[in-house]
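# Predicted model and sequence follow; I will ask about them next.
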Amino acid sequence: MKSNTTTKNRADNASYNAFTKALSAGKIGSFYIFHGQERYLLEGCLKRLRAMLCPDGLDSFNYKRFDGKTLSPEELEDAIDTLPAFADRTLIEIHDHDIFKSAHKERLCEIFSDLPDYVCILFLYSTIAYKPDGRKKVDKEILKYASVIKFDVQEQNKLVGWIVRHFHDAGKKISKSDAEYIASVTGGLMTTLNGEIEKAAAYAKAEYVTRKDIDAVVTPILDAVAFRLVDAIVSKDNAGALRLLDELLQMREEPHKLVYLISLRMRQLLAARVFIETNHGSSELMKICDIRFDFIARNLMSTAKNTTLAYCREAVLLCSAAALELNSTAEPESRLIELVVKLAYI
């Protein structure tokens, strides 16, 4: 059984896979929109596209770049109307212009509807969110003309394979389980993983990079530290829980956010415990909790085996009470610490 999350991941990656396949075949369209959190893949495709359309470099006559904050329809039309010199195509890049909130959206739609074959227009959403409104006719019309490429976290098998290959390129080996572990503590983004793999490979003395090596040098994302804190609490590792709480406090994150993450993990553990009680597996847990990777779901199920349904229910209630009280307390950090202590002694 495939979870909805797995199906969604594949759907999100479909546009990227189709685009890279077209690039490899030398087929380049006239109008693209690039967006998504996986900057590593986005930058890689952008580099390939530039190399194919502007082989003489980005200072050539056939490459034009605009700052979306100042772009006008007239500037865009002038760039489109300028024929390429000694080349077949002109690449026009527009960075961080929200087409769907533009005051000139209707005019832009007219431009997109009649693009000449010699241009390739690329809108890149880097620092702004990509949020077309499917209820608006003009937004739907624009999307008819555009090829929208989403660069998202890769499917688990592809990501793990990529991690293994990158460690190999750095002269090291890593097991599948430890490759999954470094993906989980970094959030699974190649953009982040690229630097963290270099650090772990440089630190490791043996042929294989181990979890101990990863923990020594890799910087975990906030979610990963908060989830490890909950796992330590459930496992009755109070010393480890206090160490992780101190690590979270040193990150200077808002207590509200930390309570939210602890609450999220406790809700996930409650779901996992329910599934254990009812003889359901990790694939169902991925679906109900919207978990991207099955190794994270497996770890949740493993942690949930160390607790009880009654504990999980009480923990969720404690988290809810703490979240409510944070809105009225003058010392939110103290309330966070109190929550962790209560969870440890249920």
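That came in fine, so what should we check first?

# Tell me how many other residues surround Leu83.
Residues near Leu83, counting by other CB atoms under 10 Å, number 12. No exception for glycine: its C-beta is placed from N, CA and C like everyone else's.

# The one 10 residues further on now?
Neighbouring residues of Glu93 were enumerated by other CB under 10 Å; the total is 20.

# That one bridge partners, please.
In this entry, Glu93 is beta-bridged to Arg65, Leu122, by DSSP bridges.

# Check the spacing between it and Ala22 real quick.
Using CB to CB, to the nearest Å, Glu93 is found at 18 Å from Ala22.

# Same question for Arg228.
Taken as CB to CB, the span from Arg228 to Ala22 is 41 Å.

# So for those two, which sits in the more crowded spot?
Taking other CB under 10 Å, Arg228 and Ala22 do not tie; Arg228 has more neighbours (22 against 13).

# who's in contact with the residue nearest to the more buried one when sequence neighbours are not counted?
What sits nearest to Arg228 in space, not counting adjacent residues and going by CB to CB, 6 or more residues apart in numbering, is Leu244, at 5.6 Å. Contacts for Leu244 (CB atoms under 8 Å, 6 or more residues apart in numbering) come out as 225, 228-229, 232.

# Low-confidence ranges, the chain, go.
1-12 (pLDDT under 70).

# Mind naming the longest helix for it?
helix 255-277 (DSSP state H).

# Counting by contacts, list what the helix or strand that that helix is followed by packs against.
Sequence-wise, the next helix or strand downstream of helix 255-277 (DSSP states H and E) is helix 282-289. Packing contacts for helix 282-289, counted by 3 or more CB pairs under 8 Å, 6 or more residues apart in numbering; DSSP states H and E, involve helix 4-24, helix 255-277, helix 294-304.

# Apply 6 Å and report the result again.
In terms of contacts (3 or more CB pairs under 6 Å, 6 or more residues apart in numbering; DSSP states H and E), helix 282-289 is packed against helix 255-277, helix 294-304.

# Can you spell out the domain ranges of the protein, please?
As given by automatic domain parsing, the domain ranges for the chain are 4-150, 156-217, 222-344.

# sorry, back to before: would you mark the buried spots in the strand or helix carrying the residue nearest to Arg228?
Using DSSP H and E, Leu244 falls within helix 238-250. The neighbour-count check on helix 238-250 (16 or more other CB atoms under 10 Å) flags 241-242, 244-245, 248 as buried.

# how much space is there between the residue sitting furthest away from the middle of the chain and Cys54?
Distance from the C-alpha centroid of the chain, by CA atoms, centre = their mean, peaks at Phe86 (39.9 Å). From Phe86 over to Cys54 the distance is 12 Å, taken as CB to CB.

# Over to Leu42?
Applying CB to CB to Leu42 and Cys54 gives a distance of 17 Å.

# for Asp294, same thing?
41 Å.

# more crowded one of these two?
Taking other CB under 10 Å, Asp294 and Cys54 do not tie; Cys54 has more neighbours (21 against 18).

# ok, now which ones touch Lys47?
Not one residue lies near Lys47 by CB atoms under 6 Å, 6 or more residues apart in numbering.

# tell me which element it is part of?
Secondary structure assignment for Lys47, by DSSP H and E: helix 39-53.

# how about that helix: buried residues?
40-42, 45-46, 49-50, 53.

# Return the distance of that helix from the chain's centre.
19 Å (CA atoms, centre = their mean, to the nearest Å).

# Equivalent analysis for stretch 190-208, please.
Using CA atoms, centre = their mean, the offset of stretch 190-208 from its chain centre is 20 Å.

# What residues sit buried inside that stretch?
Quick answer for stretch 190-208 (16+ other CB under 10 Å): 190-193, 196-197, 199-201, 204.

# Please tabulate these in a markdown table, including the columns secondary structure.
As requested, these are arranged in a markdown table below (DSSP: H, G, I helix; E, B strand; the rest coil):
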| residue | secondary structure |
| --- | --- |
| Met190 | helix |
| Thr191 | helix |
| Thr192 | helix |
| Leu193 | helix |
| Glu196 | helix |
| Ile197 | helix |
| Lys199 | helix |
| Ala200 | helix |
| Ala201 | helix |
| Ala204 | coil |
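
# which residues are in contact with stretch 174-193?
With CB under 6 Å, 6+ apart as the test, stretch 174-193 has contacts from 38-40, 153, 159-160, 163-164, 167, 196, 209, 211, 214, 220-221, 224, 295-296.

# now do stretch 328-343
Taking CB under 6 Å, 6+ apart as the rule, stretch 328-343 contacts 233, 245, 255, 258-259, 315, 318, 322, 325-326.

# Can you tell me which of the residues you listed lies closest to Asn306?
Nearest to Asn306 out of the contacts of stretch 328-343 is Ile233 (CB to CB; 10.4 Å).
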